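Engineer: Mind looking at a prediction? Sequence and model below.
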Amino acid sequence: MIVEIWSDVVCPWCYIGKRRFEAALAHFDHRDEVEVVWRSYELDPAASTDSHVDLAEHLATKYGTDRTAALAMMDRVSEVAASVGLSYRFDLAKRSSTFDAHRLIHLAASAGRADAMKERLMHAYFVEGADVADRSSLSEMATEVGLDADQVSEVLAGDRFDAEVRLDEAHAREFGITGVPCFVIDRAFALSGAQESATILEALNEAWDASNLIGDSTAR
């Protein structure tokens, strides 16, 4: 079974969704037969790589509200994050481009370290207040999870994995994905949003049963 997850490293619900997916997977009887593939999705493709705009200010502008309402929105998300063991620091977060971060996740995937890279980037942004567009910071994070420093430098200095990121985003458009996280199971089942773990587990079981039913029918 292949589970493709479209998400962004600066999406608060994506990190919550990651935790809920992990909890669901831990209770899935066939978890050892699940391959998780992280797909790229930029929530804010127009964000600059050297942006230092306060996140509350950015959200207020985006949703046509004021800073007070934006802060209240962030507090509500932080409460949900805390329920899955995440300590969000929105007061430290800044609007950031995530294109290079997604390229590094593709590099990590080629070394079997995609999940570790994804986790490191999300933790850096939401808990540490790191700038995930800063290439120096990205290099440090990538080597922390075991990626080769020379390969990391080569990727960040060039255009390697640009096409892979754009292809993921093109597929998202083809599939009608307009919000993340979005979990696509075997290209047959889709679950949008940071659903509760029980809902994700139900989807995994349904997809597994459907897949094996098709397999049994074919065998006959």
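Structural biologist: Alright, I've got the coordinates.

Engineer: so where's this protein shaky on pLDDT?
Structural biologist: Low-confidence segments of the chain, defined by pLDDT under 70: 51-52, 214-220.

Engineer: rerun that using 50 as the cut-off
Structural biologist: Residues of the chain that meet the criterion pLDDT under 50 lie in 217-220.

Engineer: That one: strands as residue ranges?
Structural biologist: Taking DSSP state E as the test, the strands found in the chain are 2-7, 35-40, 182-185, 189-192.

Engineer: Okay, buried residues for the last one please.
Structural biologist: Within strand 189-192, the residues that count as buried by 16 or more other CB atoms under 10 Å are Phe189, Leu191, Ser192. All C-beta atoms are positioned from the backbone trio N, CA, C, and that covers glycine.

Engineer: of the residues you listed, closest to Arg89?
Structural biologist: The nearest member of these to Arg89, counting by CB to CB, is Ser192 at 26.6 Å.

Engineer: what's across from the closest one in the sheet?
Structural biologist: The residues paired with Ser192 through beta bridges, assigned by DSSP bridges, are Cys182.

Engineer: That one reaches Val184, doesn't it?
Structural biologist: No. Distance between Ser192 and Val184: 9.5 Å, which falls outside the contact criterion (CB atoms under 8 Å).

Engineer: Return the residues in contact with Ile185.
Structural biologist: When contacts are counted by CB atoms under 8 Å, 6 or more residues apart in numbering, Ile185 is found next to Met1, Ile2, Val3, Glu4, Leu191, Ala203, Leu204, Ala207.

Engineer: any idea how far Asp54 is from it?
Structural biologist: In this structure, Ile185 and Asp54 are 38 Å apart, going by CB to CB, to the nearest Å.

Engineer: Then Ile5?
Structural biologist: 29 Å.

Engineer: Leaving out sequence neighbours, find the closest residue to the residue nearest to the spatial centre of the chain.
Structural biologist: When CA atoms, centre = their mean is applied to the chain, the residue found nearest the centroid is Ser7 (3.4 Å). With CB to CB, 6 or more residues apart in numbering as the measure, Cys14 is the residue that lies nearest to Ser7, at 3.7 Å, once sequence neighbours are left out.

Engineer: distance of the one you found from Ser78?
Structural biologist: On the measure of CB to CB, Cys14 and Ser78 end up 15 Å apart.

Engineer: With neighbour numbers in mind, choose between those two.
Structural biologist: Residue environment comparison for Cys14 versus Ser78 gives the larger neighbour count to Cys14, 23 against 18, counting by other CB atoms under 10 Å.

Engineer: In this structure that one contacts Ala194, no?
Structural biologist: Yes. When contacts are counted by CB under 8 Å, Cys14 is listed as touching Ala194 (7.2 Å).

Engineer: got any residues that touch both of these two?
Structural biologist: Residues touching both Cys14 and Ala194 by CB under 8 Å, 6+ apart: Pro181.

Engineer: follow-up on the earlier one: now do the contacts for the residue nearest to Ser7.
Structural biologist: Contact criterion CB under 8 Å, 6+ apart gives Ser7, Asp8, Met122, Val180, Pro181, Ala194 as the residues in contact with Cys14.
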